[in-house]
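In: no FASTA, just this:
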């Protein structure tokens, strides 16, 4: 499939995430002829994603932009816009709040995630369009493509890969790259 962009024809990009056979919370990520190991939600994949269920949504999600801990990681080569994470950056995961599933700034009392994490998971964190452009309360928030814990331990619903795999992926990714999670 080809899409027209600024008068030029470009091949559309797609990343496919498939469950790893026999592993509920592990996956295989395929792109540009490569396949990488990944972690997914502790509850596996679901076509009925809900806030807090620990499932990775079965969906096609466009990449919007990303965040990077520039104090820890040299920015990799990518056409995707990456913003340096600051200590005050948070992400609202409180379904009853008007800023639900949006970036916010500290101080913020309702439920949220800190973008500047000590564990390094968000040292590179890509925002996928899950429940963002068209939000539903309790539809799930902070569904990111980020770095994996050692051993590919389960996520809360995100897709996570190793740092070397993320560097390879970022060479391929740009705004609008489709991440298709298939059951």
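Out: Thanks, I have it. No experiment lies behind these values; they were computed from the predicted model shown. Residues are numbered from 1 along each chain as shown.
In: what about the residue lying closest to residue 86 once chain neighbours are set aside, neighbour count?
Out: The shortest distance from residue 86 to any non-neighbouring residue, by C-beta to C-beta, 6 or more residues apart in numbering, is to residue 116 (7.1 Å). C-beta here means a position set from N, CA and C on the backbone, and glycine is covered the same way. The number of residues packed near residue 116 is 17, by other C-beta atoms under 10 Å.
In: Check the one 4 residues further on too.
Out: Around residue 120 there are 15 other residues, counting by other C-beta under 10 Å.
In: quick one: contacts for it?
Out: Contact analysis of residue 120 by C-beta atoms under 8 Å, 6 or more residues apart in numbering lists 69, 72, 147.
In: Quickly note the distance from the last one to residue 171.
Out: By that I understand residue 147. From residue 147 over to residue 171 the distance is 16 Å, taken as C-beta to C-beta, to the nearest Å.
In: the more surrounded of the two?
Out: In this comparison of residue 147 against residue 171, neighbours counted by other C-beta under 10 Å, the higher total goes to residue 147 at 23 against 13.
In: which residues sit in contact with residue 99?
Out: The neighbourhood of residue 99, defined by C-beta under 8 Å, 6+ apart, consists of residue 92.
In: So it: helix, strand or coil?
Out: Here residue 99 takes the coil state, with states given by DSSP: H, G, I helix; E, B strand; the rest coil.
In: what pLDDT does it get?
Out: We have a pLDDT of 97 for residue 99.
In: ok, it to residue 138 distance?
Out: 15 Å.
In: For residue 123, which non-adjacent residue is closest in space?
Out: With C-beta to C-beta, 6+ apart as the criterion, residue 123 has its nearest non-adjacent residue at 4.2 Å, and that residue is residue 69.
In: Would you quantify the distance from that neighbour to residue 108?
Out: Here the distance between residue 69 and residue 108 works out to 20 Å (C-beta to C-beta).
In: what about the helices in this structure?
Out: In the chain, the helices defined using DSSP state H lie at 163-172.
In: thought residue 92 was touching residue 115?
Out: No - shown here, residue 92 and residue 115 do not form a contact pair, counting by C-beta atoms under 8 Å, at 11.4 Å.
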